[in-house]
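*Asks:* here is a sequence together with a model predicted from it:
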Amino acid sequence: MTFPNLTYFKQLPEIKAALAPYSLQFADAILPILYLEGGLNADGGLNNTPSDRGGLTKFGISQRAYPHLDIANLTLAQAVRLFHRDYWRPMQCGELNAGVALMLLDGAVQHGVPSMTMLVQRYVGAKPDGRFGPLTLKACHGVLPIQLCVGLSLKRARKYARICANDTTQTPNLNGWYNRLEHITERAIAGVHHG
């Protein structure tokens, strides 16, 4: 799968309006995630794959993560707001290099904020408490961005493998997870040099 030039999508009125309240760094990070989630499709990537524990999902927002939300009628602007409020801000992505921010945001979307935070904390040598505070941020700044992106990519790949080893019903998802991680890693590494 080749990534399209996502700049094109920024010009579409609905996407442009949904991204308008946020920073360019957030817009540049959320677009590839929306693309990979099928969120830029006409139906917002609406799916309910049996092997996906998230249940009904649209724009990458799952019923499991938001049990009281009407996922079927979720709008792009609402989804973007949730990504910013519940993933971008808790991971302090705005304080990080653009490539690192993308890796952390995607990891938080895939694994949940506490789980991704502990993965980061273990990698950077911070106390693994699942809360991305000032000490974790400082520890992240103490690692070269390229090293952090590559290291976290490998840690995430191992996490996917462990998920499948512990629950074989998740094995059908493994190739898709690896493909996504490959694309995110490539973009994150490119973002290290531009962010």
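*Replies:* Ah, there it is.
*Asks:* ok, the most centrally placed residue in the chain - contacts?
*Replies:* Residue closest to the average C-alpha location in the chain (Cα atoms, centre = their mean): Asp106, at 1.5 Å. Asp106 makes contacts with Ala29, Pro32, Ile33, Arg180, Ile184, as judged by Cβ atoms under 8 Å, 6 or more residues apart in numbering. Yep, even glycine has a C-beta here, placed from its N, CA and C like the rest.
*Asks:* hmm, which two among those are most spread apart?
*Replies:* By the measure Cβ to Cβ, Ala29 and Arg180 form the most distant pair in these, at 14.2 Å.
*Asks:* the two: who's more crowded?
*Replies:* Taking neighbours as other Cβ atoms under 10 Å, Ala29 and Arg180 compare with Ala29 leading, 31 against 20.
*Asks:* list the contacts of the residue lying closest to Leu46 once chain neighbours are set aside.
*Replies:* By the measure of Cβ to Cβ, 6 or more residues apart in numbering, the closest residue to Leu46 outside its immediate chain neighbours is Lys58, 4.6 Å from it. Shown in contact with Lys58 (Cβ under 8 Å, 6+ apart): Gly39, Asp43, Gly44, Gly45, Leu46, Asn47, Ile71, Ala72, Leu74, Ala79.
*Asks:* correct me, but the fifth one touches Ala79?
*Replies:* Pointing back at Leu46 there. No: in this structure Leu46 lies outside contact range of Ala79 using Cβ atoms under 8 Å: 11.4 Å.
*Asks:* one step back: list just the nearest of the contacts of Asp106 to Thr136.
*Replies:* For the contacts of Asp106, the closest approach to Thr136 (Cβ to Cβ) belongs to Ala29, at 18.4 Å.
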